[in-house]
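> Sharing a sequence plus its predicted fold:
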Amino acid sequence: MCGIVGVVSNAPVNQLIYDALLLLQHRGQDAAGIVTEQSNKFFMHKAKGMVRDVFRTRNMRALPGHHGLGQVRYPTAGNAFSEEEAQPFYVNAPYGLVLVHNGNLTNAQALKQEIFKTDHRHINTDSDSEVLLNVLAHELEKVTRGVQLRPADVFAAVRGVHQRVRGSYAVIALIAGHGLLAFRDPFGIRPLCMGRLNGSVMVASESVALEGNGYALDRDIRPGEAVFVDLQGQVHTQACAEQVKHTPCIFEYVYLARPDSVLDGISVYQARLNMGQTLAKRVISMVPPNQIDVVIPIPESSRPSAMQLAQLLGLPYREGFVKNRYVGRTFIMPGQSVRKKSVRQKLNCINSEFKGRNVLLVDDSIVRGTTSKEIVQMARDAGANKVYLASAAPPVRFPNVYGIDMPTPEELVAHNRTAEQVREIIGCDALIYQDVDAMKQAVGSLNPALQGFDASPFDGVYVTGDITAADIVRLNQGREQTEEGAEDNSRLALPNAQ
């Protein structure tokens, strides 16, 4: 999961892209980058860290031009601590290309060999985004017809990308001297939408980045579709994939996206309210409401679900945890020991809301269980009589291969365990999970045109249809080494990040 944005405007875009990245900061906190174009020349600045730390006044002054790209990164492939893997990525031929990517290529290793042996291109990092850029560059080179590139040539190149690339990918690229290209994988797994303002066009991961900058949301880019915006702001579109099935990642609605965003025609906030409604039915079946004194959300994504649940059960809703907003998301953090340490830095109890009460804690999901175990203990330490825990999402039992950091089965607390076994590990008095089908119905009812969801972390069904157990083992081999190095490095880096 990353946040990406691209703009073609009739005014300087450096501040606009910076502001959009701030609105997408929740999608990635590892690195940030911006590239702009002026007079067929790219100007780029990128580095590790949060947006506000990466860009200073001198950096912004060095980013001239009326069109550009930006990205906030949260690593799921490659070396999480490599400065070189911050995006955007650049190649100088054909024309000059820069690219930002949200997603994860499941055949990146095979493509690397293919690019080297057949395309005669060199990959300099372990990032699958650099692989994707070189595939696009090669396909564009194949269809080049002189200096003046036509939209039809761009669309032909994207068709070639779809034929070679597997996995999830929402992409925005700049072609020097020609325009901005945006496209989405044939399943629409990762989000991408488009907006307009006074002749300017912006493409971004979430609608909040558009609306927060005054742009009107036009529409979502469709699965398999390519959108080319020339330097005059003229928009050209074409469907470029032969087989398309609109199945976005349901975890976007559970946790990843901001609640004020609308993704693929679905309000994230309303989706979370609906999940709270179905979760209420599960709670009633397991814990009588008269045995619960108060409903308390675990900040922040669970709040809509918790409020809806409390209202339906006729129970008081209270804020029992105060969140330190200057500590990163715990399940994004690299090592288990760092995640565990960060929980009490991130959350603090309001003891009066727990003392002497039976509390129902509501979380958006339970991934590794480390955070949940610590929070349950915090509630007990604050004086709670009984601590019940409800998850607005079903058990996360399977790795995600499409760009969310839950890769190895062994890291997932619910993998090959019953709910009772998970309850014992976490230490709560009752554990209530959302039902998979109920979750899909709660979200899917908001846009019946969708053909389903990628819910692979919950049901083990990978919508691309090409993922085997051997693939998951292969995809995790490099990550295990990265995790070991990341945990060592993060012990040094964490104090400076607070």
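Great, that's in hand.
> Going by C-alpha atoms from here, please, whenever you check contacts or count neighbours.
Noted.
> So residue 40 is in contact with residue 176, correct?
Yes - using Cα atoms under 8 Å, residue 40 is in contact with residue 176, at 5.2 Å.
> Now do the contacts for residue 238.
For residue 238, the contact set (Cα atoms under 8 Å, 6 or more residues apart in numbering) comprises 155, 225-227.
> SS state for it?
Each residue gets one of three states, and residue 238 gets strand by DSSP: H, G, I helix; E, B strand; the rest coil.
> about what we covered before: in TSV: the contacts of residue 238, plus pLDDT and distance to residue 276.
Converted to TSV, the contacts of residue 238 look like this (pLDDT from 0 to 100; distance: Cα to Cα, whole Å):
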residue	pLDDT	distance to residue 276
155	97	42
225	98	33
226	98	36
227	98	36
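> Of those, just say which sits nearest to residue 5.
residue 227 (13.6 Å; Cα to Cα).
> Now that closest one, what are its backbone angles?
Note on residue 227: its backbone torsions stand at phi -120, psi 120 [degrees, to the nearest 10].
> And for the residue lying closest to it once chain neighbours are set aside, the neighbour number?
The shortest distance from residue 227 to any non-neighbouring residue, by Cα to Cα, 6 or more residues apart in numbering, is to residue 237 (4.5 Å). Per other Cα atoms under 10 Å, the neighbour tally for residue 237 reads 17.
> Check residue 307 too.
Residue 307, neighbours per other Cα under 10 Å, totals 22.
> so what pLDDT did it get?
Reported pLDDT at residue 307 in the predicted model: 98.
> gap between it and residue 366?
From residue 307 across to residue 366, the span is 19 Å (Cα to Cα, to the nearest Å).
> same thing with residue 59?
39 Å.
> of those two, who's got more company?
Applying other Cα under 10 Å to residue 59 and residue 366 shows that residue 366 carries more neighbours, namely 24 against 15.
> Which element, helix or strand, includes the more buried one?
For residue 366, there is no host helix or strand (DSSP states H and E).
> ok now do the nearest residue to residue 264 once chain neighbours are set aside, which residues does it touch?
Using Cα to Cα, 6+ apart and skipping residues adjacent in sequence, the residue nearest residue 264 is residue 220, 5.9 Å away. Residues near residue 220 by Cα under 8 Å, 6+ apart: 191-194, 263-265.
> Repeat that for residue 16.
residue 213.
> ok, now residue 51?
18, 21-22, 25, 29, 31-32, 72.
> can you give me the strands in the stretch 151-300 of the chain?
167-175, 179-184, 193-197, 200-204, 216-220, 225-230, 235-239, 262-263, 266-267, 294-297 (DSSP state E, counting those that start in this stretch).
> Turn the ones you listed into a markdown table, including distance to residue 424.
Supplementary listing: these in a markdown table, determined by distance: least, Cα to Cα, whole Å:
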| stretch | distance to residue 424 |
| --- | --- |
| strand 167-175 | 35 |
| strand 179-184 | 42 |
| strand 193-197 | 42 |
| strand 200-204 | 42 |
| strand 216-220 | 43 |
| strand 225-230 | 47 |
| strand 235-239 | 50 |
| strand 262-263 | 36 |
| strand 266-267 | 35 |
| strand 294-297 | 21 |
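> how long is stretch 402-414 from one end to the other?
End residues of stretch 402-414 are separated by 19 Å (Cα to Cα).
> Can you give the contact residues for that stretch?
1, 75-76, 102-106, 167-168, 189, 331-332, 366-369, 395-401, 415, 422, 472, 476.
> Which among these count as buried?
1, 75-76, 102-106, 167-168, 189, 331-332, 366-369, 395-401, 415, 422, 472, 476 (16 or more other Cα atoms under 10 Å).
> So what's the predicted local confidence for the residue nearest to residue 343 when sequence neighbours are not counted?
Nearest residue to residue 343, sequence neighbours excluded (Cα to Cα, 6+ apart): residue 371, at 6.2 Å. Note on residue 371: pLDDT of 91.
> Compute the distance between residue 371 and residue 298, please.
On the measure of Cα to Cα, residue 371 and residue 298 end up 10 Å apart.
> what's the answer for residue 173, then?
38 Å.
> Comparing those two, which shows the higher neighbour count?
residue 173 (25 against 21).
> one step back: got a quick ChimeraX command for the buried subset of the contacts of residue 220?
The buried residues among these can be selected in ChimeraX (16+ other Cα under 10 Å) with this line:
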select :191,192,193,194,263,264
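> Quick check: the farthest pair among the contacts of residue 220?
194 and 265 (12.5 Å).
> Doesn't residue 18 lie inside a helix?
Yes - according to three-state DSSP, residue 18 belongs to a helix.
> Tell me how many other residues crowd the nearest residue to residue 355 once chain neighbours are set aside.
Leaving aside its sequence neighbours, residue 355 sits nearest to residue 383 (Cα to Cα, 6+ apart; 4.1 Å). For residue 383, the neighbour count with other Cα under 10 Å is 17.
> How about residue 57?
7.
> farthest residue from the center of the protein?
Within the chain, the residue lying farthest from the chain centre (Cα atoms, centre = their mean) is residue 356, at 38.7 Å.
> May I have the beta-bridge partners of residue 201?
residue 8, residue 196 (DSSP bridges).
> Contacts only, for it.
7-9, 194-195, 229, 233.
> Out of the residues you listed, who's the most crowded?
residue 7 leads these on contacts (other Cα under 10 Å) with 30 neighbours.
> What ranges does the stretch 351-498 of the chain have for its strands?
So, for the stretch 351-498 of the chain - with DSSP E, counting those that start in this stretch - the strands run 358-363, 386-391, 430-433.
> tell me the most buried of those?
strand 358-363 (a mean of 25; mean count of other Cα atoms under 10 Å).
> for that strand, packing partners?
strand 294-297, helix 303-313, strand 386-391 (3 or more Cα pairs under 8 Å, 6 or more residues apart in numbering; DSSP states H and E).
> got the contact list for that strand?
Contacts of strand 358-363 (Cα under 8 Å, 6+ apart): 291-299, 301-302, 305-306, 384-392.
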